[in-house]
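Colleague: Kindly return the folded structure for what I paste below:
(chains A and B)
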Amino acid sequence: MPIVFLILALFTVVMAIGTVTARNLFHAALFLIGAFFGVATIYVLLEAEFLAVSQIIIYIGAIATLIVFAIMLSRSMMGREAGGYNRFWLAAAVGAAALWSLLAWVLTTVSFPVVNQPVPADAIFQIGTGLVGPYVIPFEVASILLVVALIGAVMIARERHRQR
Amino acid sequence: MDWSQIDLRMVGALWNQAWQNAGITPPLLTVINWVVAAVVLLLVGLNMVIGLIWLERKIAARIQDRLGPNRVGPFGLLQTVADALKLLTKEDITPTEADRITYNLAPALAVFHVLMTLAVIPFADGVIGADLNVGVLYIVAFGSMGSMAALMAGWASNNKYALVGGFRVVAQLLSYEIPLVFAMMIPVLVAGTMRMNGLAQAQGQFGGLGWYVWVMPCAFFIFLAATLAEGERAPFDLLEAESEIVAGFNIEYSGMKFAWFFLAFFLNSWVLSAIGTTLFLGGWQGPFVDRIPALGVVYFFAKTMVMFWVLAWIRATFPRLRIDQMMDFCWKFLVPLALVLLVGTAILLKLGLPSPFDGLALLVWNLVLLIGGFWLLGKAQHRAVYASKRAFTPQLPRL
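Modeller: All right, here's what the predicted structure looks like:
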């Protein structure tokens, strides 16, 4: 098991580094998809199938497609290689280092409540009943947020149409 | 020979016993089993395509009053083999300005996402690559990767037709994924499980004939329509509309790389038929399957082939839609219909009617939506046709 984890973790890290260092924006997006996929495989190792599958649906199926689509629409078709660095590189590096040290500090000091039991067989059933049972209000609030975003996107698209 | 004694799981037990006798114990044996299962699925999937292409060409030819392939081998059976050999020996052309890595990765990804889906398809009771408890979601997840492959191919070819094909991929596949998922959720709601084998098991009433298609024809219709779009088939084959964008996202591909897209297309159609069979047509369920489990494989393949035949039938007879008509059909018809159906089904299940009435109520609700939906669609279509007629002859009265 540690060997499998090491291979998958290495894959994810290489993909993540590729995302940051790729000079071509489209390649960076593809590396990002690889990193998302690597994270999904690590979820599978943790026996969190639902999380893994959701990761693929949401991040690869929706968000990555959106990113790629945005790149395809906004950039010239190909050949133009953007540099990986601009004048904010120092600020970005400091921010990333600060976030990393914060996460490292949190993960090493906080003791997470871990139940030393195998994953229940009907975990997905429990997630489902939880979402429409005790956690129905947060679930609905999240869906209202998404509807607001959806209507906002439609309105922005409409506004431009009327001006023409 | 006593046929009732043949259990497919018994073969697995014998197999495991044989390995253990040879001194190979569980950790290694599990790895061997997974590898063998994966290789078998891969080979079955890839080799079946040769037959499927021949079958679809023959069906289309018969429907259109032609003969179809009939020169190579008996009934033209070896035509696809000859075609595959031809494609293998063709020159592999990469456009100079293409993005090489992405260009080469796209055909592999296109086949990969379809092959991954084969893992959760139950060919018979318990004969399944991996009976995940998130089986249906798994299918959706890998289905959504298909649009990524076409998008990569369209972008990396550095060709404007390919790029337009890529844009159409996003528009079509992402839009039709929504009604597809809603339609797949309805059997899941009724069965109360997302395991593919569990879904097939749940349809075993009435001696193996309690298929969900009898009680939810509307959900099956939505699934079928969305399947046609997800499988990039006519009337929704806008991504490769020859008359509009030459060949769409795979225009620059030649030789074996084109063959990979072709393979992914046919295998995807078959896999979608298999998913439809499992969700709505009872999967491996059928008469006497509880006594002779080996019959399950026969039933499964027979039903999947019937569904594949229906897809080929539709492809051979329907003309291609315009892109705006296709989007309208999805967002203004299928999505609202699927949403209303899903909410209504959830309420019906919450009512908890006694046994024969819950199925009947579901059937009535489905029929009401199906007939009502088509009535509204017909009315809207009539109005649109009349409006376009009136634009040319203004003396016609207002509707």
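
Colleague: Quick one: list the elements packing against the helix or strand hosting B:Val298.
Modeller: Element membership for B:Val298, per DSSP states H and E: helix B:295-317. The contact analysis (3 or more C-beta pairs under 8 Å, 6 or more residues apart in numbering or on different chains; DSSP states H and E) places helix B:295-317 against helix B:26-63, helix B:217-230, helix B:255-280. Just so you know, the C-beta spots here come from the backbone N, C-alpha and C atoms, and that holds for glycine as well.

Colleague: 7 Å instead?
Modeller: helix B:26-63, helix B:255-280 (3 or more C-beta pairs under 7 Å, 6 or more residues apart in numbering or on different chains; DSSP states H and E).

Colleague: Dump the C-alpha coordinates for the lowest-mean-pLDDT helix or strand in chain A into CSV.
Modeller: The helix or strand with the lowest mean pLDDT-type score in chain A, counting by mean pLDDT, DSSP states H and E, is helix A:65-74 (a mean of 78). In CSV, the C-alpha atoms belonging to helix A:65-74 read as follows (Å, rounded to 0.1, in the frame of the first residue of the first chain):
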residue,chain,number,x,y,z
THR,A,65,-13.6,22.0,-18.9
LEU,A,66,-14.6,25.5,-18.0
ILE,A,67,-10.9,26.6,-17.5
VAL,A,68,-9.9,25.0,-20.9
PHE,A,69,-12.9,26.6,-22.6
ALA,A,70,-12.0,30.0,-21.1
ILE,A,71,-8.4,29.6,-22.4
MET,A,72,-9.6,28.5,-25.8
LEU,A,73,-11.9,31.5,-26.1
SER,A,74,-9.6,34.2,-24.7
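
Colleague: Quick one: distance of it to the chain centre.
Modeller: Relative to its chain's centre, helix A:65-74 lies at 16 Å (C-alpha atoms, centre = their mean, to the nearest Å).

Colleague: Stretch B:118-138 too?
Modeller: Taking mean C-alpha positions (C-alpha atoms, centre = their mean), stretch B:118-138 and its chain are 15 Å apart.

Colleague: So what touches it?
Modeller: Outside stretch B:118-138, the residues that touch it by C-beta atoms under 7 Å, 6 or more residues apart in numbering or on different chains are A:49-50, A:53, A:57, A:124, B:8-9, B:37, B:41, B:45, B:139, B:184, B:188, B:194-197, B:200, B:271, B:274, B:278, B:283-284, B:293, B:296-297, B:300.

Colleague: go on, stretch B:103-110?
Modeller: B:94, B:145-146, B:148-149, B:152-153, B:156-157, B:253, B:257, B:260-261, B:264.

Colleague: Apply the buried test to those residues and list what passes.
Modeller: B:94, B:145-146, B:148-149, B:152-153, B:156-157, B:253, B:257, B:260-261, B:264 (16 or more other C-beta atoms under 10 Å in any protein chain shown).

Colleague: Tell me, how many residues neighbour B:Lys86?
Modeller: Counted with other C-beta atoms under 10 Å in any protein chain shown, the neighbours of B:Lys86 add up to 11.

Colleague: picking up where we left off before, between the helices and strands packed on helix B:295-317, which has the poorest average model confidence?
Modeller: For those, mean pLDDT drops lowest on helix B:26-63, to a mean of 84.

Colleague: what about it and chain A, any contact?
Modeller: No: shown here: helix B:26-63 not in contact with chain A (C-beta under 7 Å from any C-beta of the partner chain), separated by at least 10.2 Å.

Colleague: mind checking how far the closest residue in space to A:Ile33 that isn't next to it in sequence is from A:Leu107?
Modeller: Residue nearest to A:Ile33 in three dimensions, not counting chain neighbours: A:Ala64, with 4.7 Å by C-beta to C-beta, 6 or more residues apart in numbering or on different chains. Separation of A:Ala64 from A:Leu107 (C-beta to C-beta, to the nearest Å) stands at 26 Å.

Colleague: Between these two, tell me which one has more neighbours.
Modeller: The neighbour comparison of A:Ala64 against A:Leu107 (other C-beta under 10 Å) goes to A:Ala64, with 24 against 9.

Colleague: near chain B, which residues of chain A?
Modeller: With C-beta under 7 Å from any C-beta as the criterion, chain A meets chain B at residues A:26, A:30, A:33, A:49-50, A:53, A:56-57, A:60-61, A:64-65, A:68-69, A:72, A:77-78, A:124.

Colleague: Narrow those residues to those in helices?
Modeller: Using DSSP state H, A:26, A:30, A:33, A:49-50, A:53, A:65, A:68-69, A:72, A:124 are the members of these that sit in helices.

Colleague: which of those residues count as buried?
Modeller: When those are checked against 16+ other C-beta under 10 Å, the ones flagged as buried are A:26, A:30, A:33, A:49-50, A:53, A:65, A:68-69, A:72, A:124.

Colleague: what sits against the residue in chain A that chain B sits nearest to?
Modeller: Ranked by C-beta to the nearest C-beta, the top residue of chain A for proximity to chain B is A:Gly61, at 2.9 Å. Residues near A:Gly61 by C-beta under 7 Å, 6+ apart: B:141, B:144-145.

Colleague: buried set for stretch B:46-64?
Modeller: B:49-50, B:52-61.

Colleague: Flag every residue of the stretch 101-250 of chain B that's near chain A.
Modeller: Checking the stretch 101-250 of chain B against chain A by C-beta under 7 Å from any C-beta, the hits are B:102, B:132-134, B:137-138, B:140-141, B:144-145, B:147-148, B:151, B:155, B:158, B:163, B:166, B:170, B:174, B:194.

Colleague: Return the residues in contact with the most centrally placed residue in chain A.
Modeller: With distances taken as C-alpha atoms, centre = their mean, the residue of chain A nearest its centroid is A:Tyr59 (5.3 Å). Contact analysis of A:Tyr59 by C-beta under 7 Å, 6+ apart lists A:Phe36.

Colleague: The same query, at a cut-off of 10 Å, please.
Modeller: Residues in contact with A:Tyr59 (C-beta atoms under 10 Å, 6 or more residues apart in numbering or on different chains) are A:32-33, A:35-37, A:39-40, A:65, A:67.

Colleague: and if you look at B:Phe112?
Modeller: Contacts of B:Phe112 were listed using C-beta under 10 Å, 6+ apart, and they are B:105, B:142, B:145-146, B:149, B:260, B:264.

Colleague: count of neighbours near whatever residue of the stretch 51-200 of chain B ends up closest to chain A?
Modeller: Nearest residue of the stretch 51-200 of chain B to chain A, counting by C-beta to the nearest C-beta: B:Ser144, 2.9 Å away. When neighbours are counted by other C-beta under 10 Å, B:Ser144 registers 23.

Colleague: What's the per-residue pLDDT of the residue lying closest to it once chain neighbours are set aside here?
Modeller: Spatially, and ignoring its direct neighbours in sequence, B:Ser144 is nearest to A:Gly61 (2.9 Å; C-beta to C-beta, 6+ apart). pLDDT, A:Gly61: 81.

Colleague: With A:Gly84 instead?
Modeller: Per the predicted model, pLDDT is 60 at A:Gly84.

Colleague: again, but for the one 5 residues further on
Modeller: At A:Trp89 the predicted local distance difference test score is 82.

Colleague: So what's the residue count around it?
Modeller: 11.

Colleague: go on, B:Arg383?
Modeller: Around B:Arg383 there are 11 residues (other C-beta under 10 Å).

Colleague: ok, now B:Gly129?
Modeller: 19.

Colleague: same check, this time on A:Gln126
Modeller: 11.

Colleague: State the helix or strand in which it lies.
Modeller: Assigned by DSSP H and E, A:Gln126 falls in helix A:123-132.

Colleague: Let me see the residues that make contact with that helix.
Modeller: A:47-51, A:53-54, A:120, A:122, A:133, A:135-136, A:138-140, A:142, B:132-134, B:137, B:188, B:192-195, B:346.
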